[in-house]
Every structure is written in structure tokens, then in C-alpha cells.
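>>> Please find the sequence and the predicted model below.
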Amino acid sequence: MTGTQTGKRRMTPTQRWVLGLASMGSFIVILDVLVVTTALTAIRTDLGASLTELEWTVNAYSLTFAVLLLTGSAIGDRFGRRRMFTIGLAIFT
């Protein structure tokens, strides 16, 4: 083996786009969860919510997210994952 790039593969431009868009989708989900978590303090302070009510808030968010995730995957199977991912990013943005 000489100084050639044996064993190393470069990403194609298409693979870079896929990685970038998937990373952006993951970042959006993480950012959304961070916003909800950060808002809990303000909800507790401004609305005088108890710990139980804050738990209901987190549970309602998690349940809604799970339902929309499952619905989105079923729609993606029917109409195309790429199309639904693009529409989802556009709606969220």
C-alpha cells in the first residue's frame, strides 16, 4: 500500500446533501425539545403551575410529537419520504 487513498472514500455531493438535511432535521427536533424544557420555568413562574401540571405539559408535548411522528412516517410511506421531509421542514421553518 502506497500513499494512495486506499480504504478512504469521499462523500459524493448527494451524500453531503443528505447528511446536511438529516442533520438539520435532527437539530430542529433537539432545538424544539430544548425550547419546551426551557419554557417550563417560565410556565411555572408566570402561571403558578405545580409540578404535576408541568408533568402534564411535558406528557402532552411528548404524546403530540409521537403521534405526529408516526403519522408523518405513514404519510411518507405513501407519498414519498423525501417529499414529506421537505414539506415538514418547510412547514416548521
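Thanks, I have it.
>>> How far away from the center of its chain is the helix or strand bottoming out on mean pLDDT in the chain?
Sorting the helices and strands of the chain by mean pLDDT, DSSP states H and E puts helix 81-92 at the bottom, at a mean of 86. Relative to its chain's centre, helix 81-92 lies at 11 Å (C-alpha atoms, centre = their mean, to the nearest Å).
>>> ok, residues contacting it?
Residues from elsewhere that reach helix 81-92, judged by C-beta atoms under 8 Å, 6 or more residues apart in numbering: Leu21, Met24, Gly25, Ile28, Gly72, Ile75, Gly76. Where you see a C-beta, it was placed from the backbone N, CA and C, and this is true even at glycine.
>>> List just the nearest of those residues to Arg9.
Nearest to Arg9 out of the contacts of helix 81-92 is Leu21 (C-beta to C-beta; 20.2 Å).
>>> for that closest one, what are its contacts?
Listed by C-beta under 8 Å, 6+ apart, the contact set of Leu21 reads Phe85, Leu89.
>>> That one: helix or strand, and which one exactly?
In this structure, Leu21 sits in helix 13-47 according to DSSP states H and E.
>>> Report the mean confidence score over that helix.
Mean per-residue pLDDT for helix 13-47: 89.
>>> Tell me which helix or strand comes right after it.
Next along the chain after helix 13-47, taking DSSP H and E as the criterion, comes helix 51-79.
>>> List the buried residues of that next one.
Thr57, Gly76 (16 or more other C-beta atoms under 10 Å).
>>> other SSEs contacting it?
When contacts are defined as 3 or more C-beta pairs under 8 Å, 6 or more residues apart in numbering; DSSP states H and E, helix 51-79 sits against helix 13-47, helix 81-92.
>>> now those as JSON lines including distance to Phe65?
Converted to JSON lines, the helices and strands packed on helix 51-79 look like this (distance: least, C-beta to C-beta, whole Å):
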{"stretch": "helix 13-47", "distance to Phe65": "8"}
{"stretch": "helix 81-92", "distance to Phe65": "12"}
